[in-house]
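K.L.:
sequence and predicted structure are below.
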2 protein chains.
Amino acid sequence: MSRPPYDHVAFIGLGLIASSMCHAIRAAGWDCTITGTARSAETRDIAREIGLCDRVTDSAAEAVEGADLVVLCVPVGAMGGVMEEIAPHLKPGATVSDVGSVKGAVIEAVTPHLPDGVWFIPAHPLAGTEHSGPRSGFATLFQNRWCLMTPIEGTPEAEVARLDRFWTGIGANVDMMDADHHDLVLAVTSHAPHLIAYTMVGVADDLRRVTASEVINYSAAGFRDFTRIAASDPTMWRDVFLNNKAATLEILGRFTEELFALQRAIRTGDGDHLFDYFTRTRDIRRGIIDAGQDTDAPDFGRVGP
Amino acid sequence: MSRPPYDHVAFIGLGLIASSMCHAIRAAGWDCTITGTARSAETRDIAREIGLCDRVTDSAAEAVEGADLVVLCVPVGAMGGVMEEIAPHLKPGATVSDVGSVKGAVIEAVTPHLPDGVWFIPAHPLAGTEHSGPRSGFATLFQNRWCLMTPIEGTPEAEVARLDRFWTGIGANVDMMDADHHDLVLAVTSHAPHLIAYTMVGVADDLRRVTASEVINYSAAGFRDFTRIAASDPTMWRDVFLNNKAATLEILGRFTEELFALQRAIRTGDGDHLFDYFTRTRDIRRGIIDAGQDTDAPDFGRVGP
Ligand SMILES: NC(=O)c1ccc[n+]([C@@H]2O[C@H](COP(=O)([O-])OP(=O)(O)OC[C@H]3O[C@@H](n4cnc5c(N)ncnc54)[C@H](OP(=O)(O)O)[C@@H]3O)[C@@H](O)[C@H]2O)c1
Ligand SMILES: NC(=O)c1ccc[n+]([C@@H]2O[C@H](COP(=O)([O-])OP(=O)(O)OC[C@H]3O[C@@H](n4cnc5c(N)ncnc54)[C@H](OP(=O)(O)O)[C@@H]3O)[C@@H](O)[C@H]2O)c1
């Protein structure tokens, strides 16, 4: 077993992200104690049954006792409450981090409760699936994905570097940026796309003149891709939107503007406008495939020769 | 070799759909002659090189000579012109069909050129990938996908049944509906989702405050799914929107209405509205998976244990 960046890691919340981190820590071969807890007895029992942690505790206070790294893996809106609860029980010198999809609001909610001599280093792994809960995790989730860290002023560089080593060790590429920029970038690459997908699925579900079975059977023509994203956890996504209002609304504003321009082009029969628009969007796909962030297989590899 | 529904099938246009149909006809083991042509010499040469047809001809007139079934596999806006060109060369009693993504406008463009004693049976296989051209086809593309047929009045039932046998023989499930309803259903399950995906990718591409490399590297958080759809052929999609205006604009109108309601909920902090909306969209995903129209694997199987 190799020397881990932290000897004891504690997880608050044991869903998709935390359980994937547990598996990834084991896969890294680190000699590292893992403790954890979740809100419901049901999740804690499952975690015990499948041996996710060395010790699953009934309270967050017990879970963080003696931990060098505490990772908050709960919905964004629950971070502040959890931090308040664990604050008195943190080991001096410990690092608290999180995996929340929003950074500005989490920093605002967490830092007021931070005891002296404990560091809070916000982080966000850009990896996930539409599944959730303690059984949904797997060791390779972070492989070749990015983890964005948004350190706050006054955090020792050595501690930031240690958390960087942790994420790199479980497969991620790490990048640093400030929280505001993170929230804008994610509004574009994640939050707005999710809201749009939810909306499109909602519209299809609502339409009286097209039956549910038609929507379902004929979904392979494009729609089904939206339903995967729109099957993500409702609590997580409610919290994301409520906590990244400004950036999400800005991007959605830009989106509606462009959509109106395209609708107008359809109405007036401006084929050149449509053709030009549809041509330039191809390069981005190429870039994503070249960067190793998606498969080149047609239809995500769902079909094929 | 088994008895085919048609002894001689001709393709006009040799892209993704036509080349997949060629491969699927061979895979069905039918003793059937395949001829075909495409607009450019380049495509015809590739088709010859890879042996897509028994005979690739330089003109559409030659390709349809003696054919029992002629399938128009060109963009929707090109169907009328192609039909006009082949009309004098069709064998009496032949069936002309198409694979266009829009049905009403294609029927309007094609039927004026239809000679007496030749049948036009519109069809649309709901199968595809984001790739195009003669090399992109494969035999299993239509397996377990739906092919919608929208027969017009006066077509002999036996001929409709024969085309049904053809599509069933190459793997599809066949359903019948009228053209208007087809165009509305597809506006929901395909056309609106494509326009929305193109728009989202366009917005990301435009944004000056977020760099292209950020959009690319951090795309795995949702955005990359949109880029696959938005990498589809620009000509095909321009033609789809110009030829299914009314239904597409109706669905986009409903979409913007709902999007505004959700934006308002974000702005006013109405978490219950968001949560309820995100909860009911999950059932549709379940339905699609149960109907065999998508994979149950997390993240379309791109990641996993
Ligand atoms: N899923 C993704 O794609 C993804 C990607 C990157 C980042 N994230 C972020 O990662 C975090 C966790 O997401 P996840 O996908 O792992 O979620 P998940 O699978 O739904 O798990 C969430 C965990 O948080 C606990 N929890 C929920 N509400 C709580 C509350 N009010 N107080 C205390 N604990 C609570 C849950 O406990 P019970 O099981 O007992 O209910 C569960 O263990 C979120 O902040 C999310 O934004 C998610
Ligand atoms: N792709 C899908 O997902 C999908 C699914 C269902 C239905 N469809 C429909 O199927 C049809 C064909 O699509 P596809 O994906 O097979 O397209 P594709 O791969 O781009 O091939 C289109 C073919 O049409 C030819 N063509 C283009 N413009 C033409 C014109 N003005 N006159 C004569 N020939 C022309 C092209 O010739 P060159 O190669 O010489 O340019 C090419 O052989 C379209 O109507 C589309 O709406 C597509």
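P.N.:
Perfect, thanks for sending it. Numbers count the residues shown, from 1 in each chain, chains lettered A, B, ... in the order given. Ligands and ions are numbered 1, 2, ... in the order given.
K.L.:
check whether A:Ile266 really touches B:Thr248, as I assumed.
P.N.:
Yes - using Cβ atoms under 8 Å, A:Ile266 is in contact with B:Thr248, at 6.3 Å. All C-beta spots, glycine's among them, are computed from the backbone N, C-alpha and C.
K.L.:
overlap in contacts, these two.
P.N.:
Residues within reach of A:Ile266 and of B:Thr248 at once, by Cβ atoms under 8 Å, 6 or more residues apart in numbering or on different chains, are B:195, B:241.
K.L.:
more neighbours: which of those two?
P.N.:
Between A:Ile266 and B:Thr248, counted using other Cβ atoms under 10 Å in any protein chain shown, the more crowded position is B:Thr248 (27 against 23).
K.L.:
count the residues that sit near the closest residue to ligand 2 within the stretch 151-300 of chain A.
P.N.:
The stretch 151-300 of chain A approaches ligand 2 most closely through A:Ala221 (7.0 Å), counting by Cβ to the nearest ligand atom. Other residues near A:Ala221 come to 24 when the count uses other Cβ under 10 Å.
K.L.:
shouldn't it be in contact with B:Gly128?
P.N.:
Yes - counting by Cβ under 8 Å, A:Ala221 touches B:Gly128, with 7.3 Å between them.
K.L.:
ranges for the strands of chain A?
P.N.:
Assigned strands in chain A, in chain order: A:8-12, A:33-37, A:55-56, A:69-72, A:95-98, A:119-121, A:123-125, A:146-149, A:173-176 (criterion: DSSP state E).
K.L.:
can I get these in JSON lines with distance to A:Glu214 and mean neighbour count?
P.N.:
Shown next, in JSON lines, are the strands of chain A (distance: least, Cβ to Cβ, whole Å; neighbours: other Cβ atoms under 10 Å in any protein chain shown):
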{"stretch": "strand A:8-12", "distance to A:Glu214": "43", "mean neighbour count": "27"}
{"stretch": "strand A:33-37", "distance to A:Glu214": "45", "mean neighbour count": "23"}
{"stretch": "strand A:55-56", "distance to A:Glu214": "46", "mean neighbour count": "18"}
{"stretch": "strand A:69-72", "distance to A:Glu214": "43", "mean neighbour count": "26"}
{"stretch": "strand A:95-98", "distance to A:Glu214": "42", "mean neighbour count": "26"}
{"stretch": "strand A:119-121", "distance to A:Glu214": "49", "mean neighbour count": "20"}
{"stretch": "strand A:123-125", "distance to A:Glu214": "38", "mean neighbour count": "25"}
{"stretch": "strand A:146-149", "distance to A:Glu214": "39", "mean neighbour count": "23"}
{"stretch": "strand A:173-176", "distance to A:Glu214": "43", "mean neighbour count": "16"}
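K.L.:
go through those and name the closest to B:Ile34.
P.N.:
strand A:146-149 (47.7 Å; Cβ to Cβ).
K.L.:
so A:Ala204 touches B:Leu186, yeah?
P.N.:
No - counting by Cβ under 8 Å, A:Ala204 does not reach B:Leu186; the two are 11.8 Å apart.
K.L.:
show me where pLDDT drops low in chain A?
P.N.:
Along chain A, the parts satisfying pLDDT under 70 run over A:1, A:304-305.
K.L.:
the longest helix in it is where?
P.N.:
helix A:245-268 (DSSP state H).
K.L.:
buried sites along that helix?
P.N.:
Going by neighbour count (16 or more other Cβ atoms under 10 Å in any protein chain shown), the buried part of helix A:245-268 is A:245, A:247-252, A:254-256, A:258-259, A:262-263, A:265-266.
K.L.:
same check on stretch A:129-136?
P.N.:
A:129-136.
K.L.:
repeat for stretch A:284-294
P.N.:
Result for stretch A:284-294 [16+ other Cβ under 10 Å]: buried residues A:284-285, A:287-289, A:291, A:293-294.
K.L.:
kindly report the same for stretch A:20-33.
P.N.:
Buried residues in stretch A:20-33 (16+ other Cβ under 10 Å): A:20-25, A:28, A:30, A:32-33.
K.L.:
in TSV: these, plus distance to A:Ala192.
P.N.:
Output for these, formatted as TSV (distance: Cβ to Cβ, whole Å):
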residue	distance to A:Ala192
A:Ser20	25
A:Met21	27
A:Cys22	31
A:His23	31
A:Ala24	29
A:Ile25	33
A:Ala28	34
A:Trp30	37
A:Cys32	37
A:Thr33	40
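K.L.:
widest-spaced pair of the residues you listed?
P.N.:
Among the buried residues of stretch A:20-33, A:Ser20 and A:Thr33 lie farthest apart (Cβ to Cβ), at 18.1 Å.
K.L.:
residues contacting the residue of the stretch 151-300 of chain A closest to ligand 2?
P.N.:
With Cβ under 8 Å, 6+ apart, A:Ala221 has these contacts: B:101, B:126, B:128, B:186, B:189-190.
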